[in-house]
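A.B. asks: Kindly generate the corresponding structure for this input.
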Amino acid sequence: MRSRQVILLTLVYFFAIIGIYGFVIWFPTIVQRATNLPNMAVTLLSALPYVAGLAAMIWNGWHSDRTAERRWHTALPLFLGAGCLVVAIRLSSHLSLAFLCMVIVGACTTAFMPSFWALPTAILTESAAAASIGLINSVANLGGFAGPFFIGYLRTLTNSFTPGLVFLLVCMVFSGMLALLLHVAPMRN
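C.D. replies: Alright, predicted model coming up:
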């Protein structure tokens, strides 16, 4: 529990989970408020980030395995998601472009996972990795409460989703930066 690497892995996942759950819980509401479409249309539109996320997760995991690189394959989707969130906020008056950016944000929230979950075994011994994965997952999943809570709190406080989305993008950038601080030994063939 005092290992710098385990603490970093836990923080990477904690801040990424804030972004994931903040997005997952509030995206349908954001789409509903922006479009005033019926519930079925909102549901179908809200599914698009996850379809894109499936493709992004498979490709990123495959590419990470092929290149044997984990840190950048974890950080780049988080950075890309945060960047698209900035663009979506700035282009909120252009609904179709903002929506496209939000689809990319949703895809990026899952795309980092295959390379992230390969990191504990790349960094730690087998027995330490097994115990650490449980710790990382249980502690970091507290971000699943923090993300939606803070978006709701900031939405109530400001009557706007923008501060909450800025909070998510800051957490995603912070998560990516922490991933780059991890020390991963080169993989042996």
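A.B. asks: residue closest to the middle of the protein?
C.D. replies: For the chain, residue 109 is the residue whose C-alpha lies nearest the centre (C-alpha atoms, centre = their mean; 3.2 Å).
A.B. asks: Verify the contact between it and residue 80 for me.
C.D. replies: No. Using C-beta atoms under 8 Å, residue 109 is not in contact with residue 80, being 10.5 Å away. Just so you know, the C-beta spots here come from the backbone N, C-alpha and C atoms, and that holds for glycine as well.
A.B. asks: Tell me which residues of the helix or strand of the chain with the lowest mean pLDDT come out buried.
C.D. replies: Least confident element among the helices and strands of the chain, by mean pLDDT, DSSP states H and E: helix 126-140 (a mean of 86). For helix 126-140, the neighbour count (16 or more other C-beta atoms under 10 Å) marks 129, 132-133, 135-136, 139-140 as buried.
A.B. asks: With stretch 97-108 instead?
C.D. replies: Going by 16+ other C-beta under 10 Å, stretch 97-108 has these buried residues: 98-108.
A.B. asks: what helices or strands is the least confident helix or strand of the chain leaning on?
C.D. replies: Counting contacts by 3 or more C-beta pairs under 8 Å, 6 or more residues apart in numbering; DSSP states H and E, helix 126-140 packs against helix 4-35, helix 113-123.
A.B. asks: Just the angle for it relative to helix 113-123, thanks.
C.D. replies: Angle, helix 126-140 to helix 113-123, by axes from the mean of the first three to the mean of the last three C-alpha atoms, to 10 degrees: 140 degrees.
A.B. asks: starting at the chain centroid, how far to helix 126-140?
C.D. replies: Remark: helix 126-140 is offset 19 Å from the chain centroid, using C-alpha atoms, centre = their mean, to the nearest Å.
A.B. asks: Can you pull out the residues in contact with stretch 73-88?
C.D. replies: By C-beta atoms under 8 Å, 6 or more residues apart in numbering, the surrounding residues in contact with stretch 73-88 are 12, 16, 19, 56, 60, 63-64, 67, 97-99, 101-102, 104-105, 107-109, 111-112, 114-116, 119, 165, 168-170, 172-173, 175-177, 179-180.
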